[in-house]
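Asks: Sequence and predicted structure, then a few things I'm wondering about:
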Amino acid sequence: MKLQDYKPYLSPALAKTTDIIVGKAEGPYLYDLDGKKYLDFVQGIAVNALGHGHPRVVAAIKEQIDLCIDASYNLVSYPTTLAYAKRIAEIAPGDLSVTFFSNGGSEAIDGAIKLARAATGRPLIVAFRGSFHGRSLGATSVTASASKYRKHYEPLVGGIHFAPYPTPFRWGPRDLSVDPETASEEALLEIKKLFDFIAYPEDVAAFLIEPIMGEGGYVVPPSSFLKGLRKLADEHGILLIFDEIQSGYGRSGKYFASEIHGVVPDIMTIGKAMAGGLPMSGIVSKPEVMEKWLPGMHGTTFGGHPVAAAAGLAVLDVFEEEGILGNVKKQGEYLRGRLSELQKQYPVIGDVRGVGLMNAVEFVHPEDHSPNGEAFSKVRAYSEGHGLLLLGCGVYGNGLRFATPLNVSKEVLDEGLAIFEAALAAL
Ligand SMILES: Cc1ncc(COP(=O)(O)O)c(C=O)c1O
């Protein structure tokens, strides 16, 4: 079976990074139909927190399938989904305790926008340049990690304004490297300008932001920025929405990146890793916000799926029993340390950044620090050819993200780093 033969039947809109057709996948590895083995540092784009096919997740899925696959959560309730809602309240930051379950990240973003508008009665949303929130019409409208995602679709949903995300490695119109606090301070001043010139603050329903930027470049913003945003939100009665779809579920070393920053949002979107590889997402909020979303104001056929919830509960059980968050912190530090060593050896690596196991390198032309997309493409292609799967990020196509499983070992990291280093040497 070759992908090429099936292309006539597949929409080209979905850009495929590789031609691999998966035969099977296990732990950190996947195998194509010919049995070629790949070390998978993409993991479904930060979806498989416990690697492929963790036995506990597989067992939980099988058990629920035997009991009931679906009867629609609109009509009935399931023990797994009810228990999962309670469990999410236990790990969610601050007083966030009520979940609306949906199916994918974009859908959760659309729902969060609707919730913020319904709860405040205000129209405007302030999102951030560099952020990725998904591909539905609503999510595309708040996405600004590359103009190509919006091409042909304007006019998008109205009432969305953008402010700069503090990206210290490339800051301002000249892409200058600045210290993080400068970027934080100036980014907050830009919001004040937005309020003065364009968006009347009492018309703003919500700030929507990734507490760690994902697809846009794996940038960890200074905590002072998110604290400043929280303060501005409180001053003006604006809700703060954290999109934790990629940064959540332990990838940062905490359950949610909001804990890294010490900032509690009013609404949080979750997805990706929350159901062990099955499609599930959620909008989590405080009771006093959620209670303004009355029955029928939002809905879904599949949301709250009992099999996905069973998988999600198993994921959290394993997190606790196997000390996954500790492993993320330990292995993340090791990985960043090794990447920083490689940066000293290979000046084509302009930046190494991340937290926990959400890490990226940014390729540059060393002479002027301009983006080097060619180096990225060569390194990614070499790695794939030598059995290591990696994914890009960033508007200029020059970032490379490492989204390993969260239960990754030092040995597996070393295996991947050896291929990555060989790819750098081959440049
Ligand atoms: C932070 C963030 N939000 C939203 C989304 C959209 O999720 P989905 O592709 O499941 O719609 C993504 C997907 O990469 C994401 O990383």
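Replies: Looks like it came in fine.
Asks: In this protein, where is pLDDT below threshold?
Replies: Nowhere does the chain drop to pLDDT under 70.
Asks: Outline the domain layout of it.
Replies: 3-53+323-425, 57-321 (automatic domain parsing).
Asks: Any idea how far the last one is from the middle of the chain?
Replies: Read that as domain 57-321. The chain centre lies 9 Å from the centre of domain 57-321; the measure is CA atoms, centre = their mean, to the nearest Å.
Asks: Also the shortest one?
Replies: How far domain 3-53+323-425 lies from its chain's middle: 15 Å, per CA atoms, centre = their mean.
Asks: What's the end-to-end length of it?
Replies: 31 Å (CA to CA, to the nearest Å).
Asks: Begin at 50, not 1, for the rest of this chat.
Replies: Yep, numbering from 50; the last one is domain 52-102+372-474 now.
Asks: For the residue of the stretch 350-476 of the chain found nearest the ligand, grab the count of nearby residues.
Replies: The nearest approach of the stretch 350-476 of the chain to the ligand comes at Cys442, 9.7 Å away (CB to the nearest ligand atom). All C-beta atoms are positioned from the backbone trio N, CA, C, and that covers glycine. Cys442: 23 surrounding residues under other CB atoms under 10 Å.
Asks: Return the most buried member of the domains of the chain.
Replies: domain 106-370 (a mean of 20; mean count of other CB atoms under 10 Å).
Asks: Settle this for me: the residue of the stretch 350-476 of the chain closest to the ligand is touching Asn408, isn't it.
Replies: No. Cys442 is beyond contact range of Asn408, at 10.6 Å (criterion: CB atoms under 8 Å).
Asks: Helices of the stretch 50-199 of the chain, start to end?
Replies: For the stretch 50-199 of the chain, the helices defined by DSSP state H, counting those that start in this stretch cover 52-55, 92-95, 104-116, 128-140, 154-169, 186-190.
Asks: Quick one: closest of the ones you listed to the ligand.
Replies: helix 154-169 (2.1 Å).
Asks: can you list contacts of the closest one?
Replies: 149, 151, 171-172, 174, 182-188, 191, 206, 254-255, 257, 286-288, 290, 292, 294, 316, 318-321, 330-332, 334, 338-339, 341-342, 346-347, 349, 352 (CB atoms under 8 Å, 6 or more residues apart in numbering).
Asks: 7 Å - rerun?
Replies: 149, 151, 172, 174, 182-185, 187-188, 191, 254-255, 288, 290, 292, 294, 316, 318-321, 330-332, 334, 338, 341-342, 346-347 (CB atoms under 7 Å, 6 or more residues apart in numbering).
Asks: What about the ligand: which of those touch it?
Replies: His182, Gly183, Asp292, Ile294, Gly320 (CB under 6 Å from any ligand atom).
Asks: for the most centrally placed residue in the chain, what are its contacts?
Replies: In the chain, the C-alpha nearest the mean C-alpha coordinate belongs to Gln295, at 1.8 Å (CA atoms, centre = their mean). Shown in contact with Gln295 (CB under 7 Å, 6+ apart): Ala95, Gly263, Lys321.
Asks: Give me the nearest residue to it, chain neighbours excluded.
Replies: Once flanking residues are discounted, Gln295 sits nearest to Gly263: 3.6 Å by CB to CB, 6 or more residues apart in numbering.
Asks: Enumerate the residues of the stretch 200-349 of the chain near the ligand.
Replies: Listed as neighbours of the ligand in the stretch 200-349 of the chain under the rule CB under 6 Å from any ligand atom: Glu259, Gly263, Glu264, Asp292, Ile294, Gln295, Gly320.
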